[in-house]
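In: sequence unavailable; structure follows:
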Ligand SMILES: [Zn+2]
């Protein structure tokens, strides 16, 4: 295996995305060198790894960084593996993480050196590590806060795994910015986006011990769907899932797809998702794309997640009128997630134009796809938890480089909605 050529292919979507922020004179190899040489170390007491939330945090952070070609150091000791995540197998969390990490990206290993460029510290204390920079994360209840600081006074007491996932997504976002440090930003706006920032995120609901999502159809087994399923797996939710996609896993997917491992290249995405999902997520693979004429021959599940890039697919699913549709989309550094129930502005109202040619290799990166999948996962779980649905908050626009600036709002019916699905007057 030619690791250099494989690494180039594996980074073929991450590098063009990150380069959008940089001067044109910065080359792919300049940028790759920055990613490759950054060493990130997770610093925490070993005892914490016997908590599920800590394992979810470490697994997710490692995944988001390794898939961008960044070096990660985690030593998790002898804690038993408590999480059921794709690719994680073994007696201890440490061994499972090491095994999974090697298959996430060409040449990846979990490094164990004692020096690092950035330390990630969870909970209160002072980082004992000699690192140039330190990120501290404190979590209390449903809220997590991130700061660039060498010490933290707050606890690590996340109410549930969803809080730990947000913490990992926030840390990954800051570390990607840091990886670009020293490369010249393309504009003042890009420089602002790349500036280290503190961040805060609150999960909007409590997660019960046992949560069953019931029947769920997932349209596309691409990055957004896979990240949403990572969220459901992390939360320990149960679901009966049917997943539609005709595509195969290739090396250009490993940068952002939690189910894309080096030992499954060339296989059908849906088959790998079905095989590697935890038992609680029962997955039926459907090895074809969802089609426009599907509503005549196939009854969709009451809840549908649409992670497909193709805007027309969102319209076809909406036309079939399931009870709930959650749509996730990304464009460059922006994430758009929306939720549609009967009588609400529909997926066509939010995404009115079916774009003609979708470019084959869309630039995108791990932390962008993660936030899209995460916000979709939150909405699916929120719906299963019950409580008031919020039509006035059906749309979230998030910015995975400045996650605190994300906005959730209502949406209006479009007179020219291509689906023609309107409020009953
Ligand atoms: Zn509409």
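Out: Structure received. Note that the coordinates shown come from a computational prediction; the quantities given were computed from them, not determined experimentally.
In: what about the residue in the stretch 151-300 of the chain that the ion sits nearest to, how many neighbours?
Out: Residue of the stretch 151-300 of the chain nearest the ion, by Cβ to the ion: residue 295 (15.9 Å). C-beta coordinates here come from the backbone N, C-alpha and C atoms, glycine included. Neighbour count for residue 295, taken as other Cβ atoms under 10 Å: 16.
In: could you do the one 10 residues further on as well?
Out: With neighbours defined by other Cβ under 10 Å, the count for residue 305 comes to 30.
In: same question for residue 343.
Out: 11.
In: what strand or helix carries it?
Out: Taking DSSP states H and E as the definition, one finds residue 343 inside no helix or strand.
In: next, the contact list for the nearest residue to the residue of the stretch 151-300 of the chain closest to the ion once chain neighbours are set aside, please.
Out: Among residues not flanking residue 295 along the chain, residue 320 sits closest, at 4.0 Å (Cβ to Cβ, 6 or more residues apart in numbering). By Cβ atoms under 8 Å, 6 or more residues apart in numbering, residue 320 lies in contact with 294-295, 300.
In: give me the pLDDT for residue 320.
Out: Predicted confidence (pLDDT) at residue 320: the value is 93.
In: right, and residue 239 touches residue 211 too?
Out: No - contact criterion Cβ atoms under 8 Å: residue 239 and residue 211 do not qualify, at 9.0 Å.
In: who has more neighbours, the two?
Out: residue 239 (24 against 16).
In: follow-up on the earlier one: from the contacts of residue 320, which single one is nearest residue 191?
Out: Checking the contacts of residue 320 against residue 191 by Cβ to Cβ gives residue 300 as the nearest, at 45.2 Å.
In: ignoring the adjacent residues along the chain, who's closest to the closest one?
Out: In space, residue 300 is closest to residue 322, 4.7 Å off (Cβ to Cβ, 6+ apart).
In: check residue 73 too.
Out: Nearest to residue 73 is residue 41, by Cβ to Cβ, 6+ apart, at 4.1 Å.
In: where does the one you found sit: helix, strand or coil?
Out: Here residue 41 is recorded as strand under DSSP: H, G, I helix; E, B strand; the rest coil.
In: surely it meets residue 127?
Out: No - with contacts counted by Cβ under 8 Å, residue 41 stays clear of residue 127, the gap being 9.0 Å.
In: so what sits against both of those two?
Out: In contact with both residue 41 and residue 127: residue 119, using Cβ under 8 Å, 6+ apart.
In: who has more neighbours, the two?
Out: Remark: of residue 41 and residue 127, residue 41 carries more neighbours, 24 against 21, as counted by other Cβ under 10 Å.
In: pull the contacting residues for residue 69.
Out: 7, 10-11, 14, 32, 35-36, 105, 108.
In: kindly report the same for residue 218.
Out: 225, 228-229, 241-244, 304-305, 307.
In: just residue 70 next, same as before
Out: 35-36, 38, 40, 175-176, 179.
In: is it possible to get JSON lines of those residues that adds neighbour count?
Out: JSON lines is the format used below for the contacts of residue 70 (neighbours: other Cβ atoms under 10 Å):
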{"residue": "35", "neighbour count": "20"}
{"residue": "36", "neighbour count": "17"}
{"residue": "38", "neighbour count": "22"}
{"residue": "40", "neighbour count": "27"}
{"residue": "175", "neighbour count": "24"}
{"residue": "176", "neighbour count": "25"}
{"residue": "179", "neighbour count": "24"}
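In: can you show me the helices along the stretch 251-400 of the chain?
Out: 269-276, 294-297, 311-319, 347-350, 366-385 (DSSP state H, counting those that start in this stretch).
In: what residues of the second one count as buried?
Out: Buried positions in helix 294-297, judged by neighbour count with 16 or more other Cβ atoms under 10 Å: 294-295.
In: helices or strands up against it?
Out: With contacts taken as 3 or more Cβ pairs under 8 Å, 6 or more residues apart in numbering; DSSP states H and E, helix 294-297 sits against helix 311-319.
In: pull the residues that contact the helix it packs on.
Out: With Cβ under 8 Å, 6+ apart, helix 311-319 has contacts from 219-220, 289-292, 294-295, 300, 304, 306, 308, 325, 327, 340, 346-348, 351, 353-355, 418-419, 421.
In: now the residues you listed: which count as buried?
Out: Counted by 16+ other Cβ under 10 Å, the contacts of helix 311-319 give 219-220, 290, 294-295, 300, 304, 306, 308, 325, 327, 340, 346-348, 351, 418-419, 421 as buried.
In: which of the residues you listed fall in strands?
Out: Per DSSP state E, strands hold the following members of the buried ones among the contacts of helix 311-319: 219, 304, 306, 325, 327, 340.
In: nearest to residue 28, of the helices of the stretch 251-400 of the chain?
Out: Across the helices of the stretch 251-400 of the chain, closest to residue 28 is helix 366-385 (Cβ to Cβ), at 17.0 Å.
In: give the buried residues for that closest one.
Out: For helix 366-385, by 16+ other Cβ under 10 Å, it's 366-384.
In: how far off centre is the helix or strand bottoming out on mean pLDDT in the chain?
Out: None of the helices or strands of the chain scores lower by mean pLDDT, DSSP states H and E than strand 125-126, at a mean of 76. In this view, strand 125-126 has its centroid 29 Å away from the chain centroid, taken as Cα atoms, centre = their mean, to the nearest Å.
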